[in-house]
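Curious how this folds, go ahead:
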Amino acid sequence: MIIGFGKGGKTLAVELAKRNEKVAVIERSDEMYGDTCINIGCIPTKTLVHQAKLAPVKASWEEKKAYYAQAIAEKEEVTSFLRQKNYHNLADNPHTLSRIGLSEEEAVRKGLNIKVNKLPVAAIPRVRTLGNTVGLFKVVVDVDTNQIVGCTLFGPESGEVINSVAMVMKTDQPYTFLRDFVFTHPGMSEALNDLMNF
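Model (predicted):
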């Protein structure tokens, strides 16, 4: 897992993916795509320094004020362009990854008695209406307690669906709560009925 969608994070993610490693990049704010350098550090600073070098030395207060406003507008245009470019590198990828709790491997290492179920995203009716059938949903359940110990969702709208799983986990409900729940149809959340049906 890579925290931050800056230059280092993007570069590391690509390198790890080339090595067939599982990679997830997490960015906490939609105002920070591209990280500090693009949004509040290097790029804005260098843009303003460049604009200052172009500023006329002998100018009236009003001319300096206007030039300053122009320099700020130029900086905003540059950072906005780069932020949007970085945003679309994420948002235009239709595959989203959401995860809570333990992975199957982590649960095994902890010595838990588990059962695992997987559901191909292509089996979910809602994805047919979205036109995106690539992905996989996976749940890890403790056999002794019937509680979900982990869930990984890779597919459309997984960021919304994972909230239902999180609620069940945080309120110590058994996995059967989601298996038997009546969800809106057609919706991505109704996939939890099938995912929890061992």
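
Grab the most central residue of the protein for me.
residue 26 (5.3 Å; C-alpha atoms, centre = their mean).

So it sits against residue 2, correct?
Yes. Counting by C-beta atoms under 8 Å, residue 2 is a contact partner of residue 26 at 6.9 Å. Where you see a C-beta, it was placed from the backbone N, CA and C, and this is true even at glycine.

if I look at these two, which residues touch both of them?
With contacts taken as C-beta atoms under 8 Å, 6 or more residues apart in numbering, residue 26 and residue 2 have no neighbour in common.

Identify the residue spatially nearest to the residue nearest to the centre of the chain, adjacent ones excluded.
residue 3 (5.3 Å; C-beta to C-beta, 6 or more residues apart in numbering).

Measure how buried that neighbour is and give me the count.
11 (other C-beta atoms under 10 Å).

again, but for residue 55
Residues within reach of residue 55, counting by other C-beta under 10 Å, total 13.

Can you tell me how far it is from residue 103?
55 Å (C-beta to C-beta, to the nearest Å).

cool, and residue 19?
19 Å.

More neighbours: these two, which one.
Taking other C-beta under 10 Å, residue 19 and residue 103 do not tie; residue 103 has more neighbours (17 against 7).

the strands in this protein, which residues?
2-3, 25-26, 97-101, 114-120, 136-142, 148-154 (DSSP state E).

Tell me which of the ones you listed lies nearest to residue 192.
strand 136-142 (8.1 Å; C-beta to C-beta).

Looking at this structure, which residue reaches furthest from the middle?
Farthest-from-centroid check, the chain (C-alpha atoms, centre = their mean): residue 58, 49.5 Å.

Which residue, neighbours along the chain excluded, lies closest to residue 32?
Counting by C-beta to C-beta, 6+ apart, the residue nearest residue 32 is residue 39, at 5.5 Å.

For that neighbour, give me its contacts.
Counted by C-beta under 8 Å, 6+ apart, residue 39 has contacts 31-33, 79, 83.

Tell me how far it lies from residue 66.
25 Å.
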